[in-house]
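[1] here is my input, please return the structure:
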Amino acid sequence: MAYVDELALHAIYHYKLAQAVPLSGSTTFAEIAQASHLREDLVERFIRQAMCSHIFTEDAPGQVRHTSASRLLATNPDAHDAVGMITCDLSPAGMQTLSALEKYPNSEEKSETGWAQHTEPGISPFEFMAKNPERGRRFGAGMRYFSSGQHWDLGHLARGYTWAALDRPGAVFVDVGGGHGTVSQYLARETKHVEFVIQDLPGTVEAGRKILPEDLRSRVRFMEHDFFTEQPVRGADVYFFRWILHNWSDGYCKKILRALIPALKKGARVLVYEYVLVDGPETRVSRKQPRNLDLMMLAQFNSCERTAKMWEELLRSADQRLRLLRCEIPEGSLYGIIEAVWDGDD
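    Purely as a prediction, here's the structure:
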């Protein structure tokens with residue numbers, strides 16, 4: 001009966017019920033109702049349903065106080081937005097996914113998904129969020145919350161790859177679709193010589209340049225680039241993708257990878273930092289997130305998370321000269337490092 005738990009969470013988000021409970025001490029259902037403008041009987045029903053999941057508790061009958069979970073919703077805006085993202089965006093999109101699959105069988109288009117059915121048919125999630133900036137802001141905050149914590153720490157990437165072998169004068173690392181440069185800035189502080197080129201669309205690049213720390217500007221730069229077009233940085237040592245390819249179905253991923261080929265020198269690395277699914281059932285709750293994201297990618301983008309075998313097949317189908325070297329998950333990380341080498345000529 002998980003849908004009733006979700007209904008209670010939606011009410012907590014929409015009526016800001018967690019914010020109506022004091023951080024110390026307790027309050028009554030009537031006082032919460034007055035603060036949230038929701039009928040007292042409904043406040044009681046929603047909150048007591050949430051209590052079944054240890055969200056809120058009662059000191060005595062009718063005396064509501066916080067648990068660690070409800071306090072988090074009251075004090076962490078990103079956690080609050082994450083609940084909104086799930087209950088207002090992702091869950092309704094999931095409920096529309098089978099309808100989209102019936103309507104658009106075998107589609108690889110982002111505009112023909114459960115998300116599009118729920119929001120605005122015919123446009124992609126990116127286009128929808130551009131038209132609805134508050135929804136986009138909430139989605140970004142929710143994703144920021146879910147990507148925080150030790151499992152997402154970039155230290156896993158720093159320790160999981162032999163950056164010392166790359167760290168020499170003249171080495172170039174191209175961060176494709178790198179946003180504001182979070183990864184490149186982190187790795188720049190872990191290395192001494194590597195030059196970093198962060199590529200993204202114009203608005204993102206402009207924002208990234210403004211916030212780039214002064215002490216990194218000698219080795220880190222931004223460049224406007226659409227990754228579906230030919231890669232302009234030729235002869236780099238590494239072309240890096242984080243959280244890019246899982247947003248795209250195989251057909252589009254092949255286009256992205258093939259756009260690199262004119263720029264690749266023999267021995268160049270294509271490095272991908274994304275989830276690697278277990279090729280079989282995963283029963284550990286701590287390792288369930290990649291499977292959760294897999295169906296989220298289906299509902300939003302008509303895309304997927306991939307197993308090691310799927311990564312190998314994707315690389316090979318993009319070009320036989322892209323050879324998978326390894327596909328490993330560093331200890332303590334949720335993400336895998338997928339490393340391919342270009343065996344073609346310069």
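[2] can you give me the helices in the stretch 51-200 of the chain?
    68-75, 77-84, 91-95, 97-103, 114-118, 125-131, 133-146, 155-160, 163-166, 182-190 (DSSP state H, counting those that start in this stretch).
[3] deepest of the ones you listed, which one?
    helix 114-118 (a mean of 24; mean count of other CB atoms under 10 Å). Yep, even glycine has a C-beta here, placed from its N, CA and C like the rest.
[4] for that one, give me every contacting residue.
    By CB atoms under 8 Å, 6 or more residues apart in numbering, the surrounding residues in contact with helix 114-118 are 89, 92-100, 103, 110, 122-125, 128, 298-301.
[5] run the last query once more with 7 Å
    92-94, 96-97, 99-100, 122-123, 125, 299-300 (CB atoms under 7 Å, 6 or more residues apart in numbering).
[6] what's the mean pLDDT across that helix?
    When pLDDT is averaged along helix 114-118, the result is 96.
[7] low-confidence ranges, this structure, go.
    Applying pLDDT under 70 to the chain flags residues 1.
[8] could you chop it up by domain?
    As recorded under automatic domain parsing, the domains making up the chain are 2-75, 77-146, 150-279+298-342.
[9] reformat these as CSV; add distance to residue 285.
    Converted to CSV, these look like this (distance: least, CB to CB, whole Å):
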stretch, distance to residue 285
domain 2-75, 15
domain 77-146, 15
domain 150-279+298-342, 12
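[10] picking up where we left off before, could you identify the most distant pair in the contacts of helix 114-118?
    Spanning the widest gap among those are 94 and 122, at 19.4 Å by CB to CB.
[11] most centrally placed residue in the protein?
    Closest to where the C-alpha atoms of the chain average out (CA atoms, centre = their mean) is residue 143, at 5.6 Å.
[12] number of nearby residues for the closest residue to that one other than its chain neighbours?
    Distance criterion CB to CB, 6 or more residues apart in numbering; nearest residue to residue 143, sequence neighbours excluded, is residue 85 at 7.5 Å. Neighbour count for residue 85, taken as other CB atoms under 10 Å: 22.
[13] all strands for this structure, in order.
    Assignment of strands within the chain using DSSP state E yields the ranges 27-28, 57-60, 63-65, 172-176, 195-200, 220-224, 238-242, 269-274, 276-277, 306-307, 322-328, 336-342.
[14] OK, contacts around residue 197?
    By CB under 7 Å, 6+ apart, the contact set of residue 197 is 172, 174-175, 221, 223, 233.
[15] and if you look at residue 304?
    Counting by CB under 7 Å, 6+ apart, residue 304 touches 294, 297-298.
[16] quick one: those residues as JSON lines, columns for distance to residue 186 and neighbour count too.
    Compiled in JSON lines, the contacts of residue 304 are given as follows (distance: CB to CB, whole Å; neighbours: other CB atoms under 10 Å):
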{"residue": "294", "distance to residue 186": "26", "neighbour count": "17"}
{"residue": "297", "distance to residue 186": "25", "neighbour count": "20"}
{"residue": "298", "distance to residue 186": "30", "neighbour count": "21"}
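[17] between those, which is closest to residue 305?
    Nearest to residue 305, judged by CB to CB, of those is residue 294 at 4.1 Å.
[18] tell me the phi and psi of the nearest residue to the closest one once chain neighbours are set aside?
    Leaving out its chain neighbours, the residue that sits closest to residue 294 by CB to CB, 6+ apart is residue 305, at 4.1 Å. Dihedral angles of residue 305 (phi, psi; degrees, to the nearest 10) stand at phi -90, psi 160.
[19] I'd say residue 305 and residue 292 touch.
    No. Counting by CB atoms under 7 Å, residue 305 does not reach residue 292; the two are 9.2 Å apart.
[20] looking at the two, which is more packed in?
    The neighbour comparison of residue 305 against residue 292 (other CB under 10 Å) goes to residue 305, with 21 against 13.
[21] contact partners for the more buried one?
    Per CB under 7 Å, 6+ apart, neighbours of residue 305: 246, 275, 277, 290, 293-294, 297.
[22] can you add distance to residue 160 and give these back as a markdown table?
    Formatted as a markdown table, the contacts of residue 305 follow (distance: CB to CB, whole Å):
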| residue | distance to residue 160 |
| --- | --- |
| 246 | 18 |
| 275 | 14 |
| 277 | 18 |
| 290 | 16 |
| 293 | 20 |
| 294 | 22 |
| 297 | 23 |
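[23] show me just the buried residues among those.
    246, 275, 277, 290, 293-294, 297 (16 or more other CB atoms under 10 Å).
[24] thinking again about what came up before, nearest to residue 50 among the contacts of helix 114-118?
    The nearest member of the contacts of helix 114-118 to residue 50, counting by CB to CB, is residue 92 at 19.8 Å.
[25] please name the nearest non-neighbouring residue to that closest one.
    Leaving aside its sequence neighbours, residue 92 sits nearest to residue 118 (CB to CB, 6+ apart; 4.6 Å).
[26] residue 89 and residue 140, how far apart?
    12 Å (CB to CB, to the nearest Å).
[27] do the same with residue 303
    Using CB to CB, residue 303 is found at 19 Å from residue 140.
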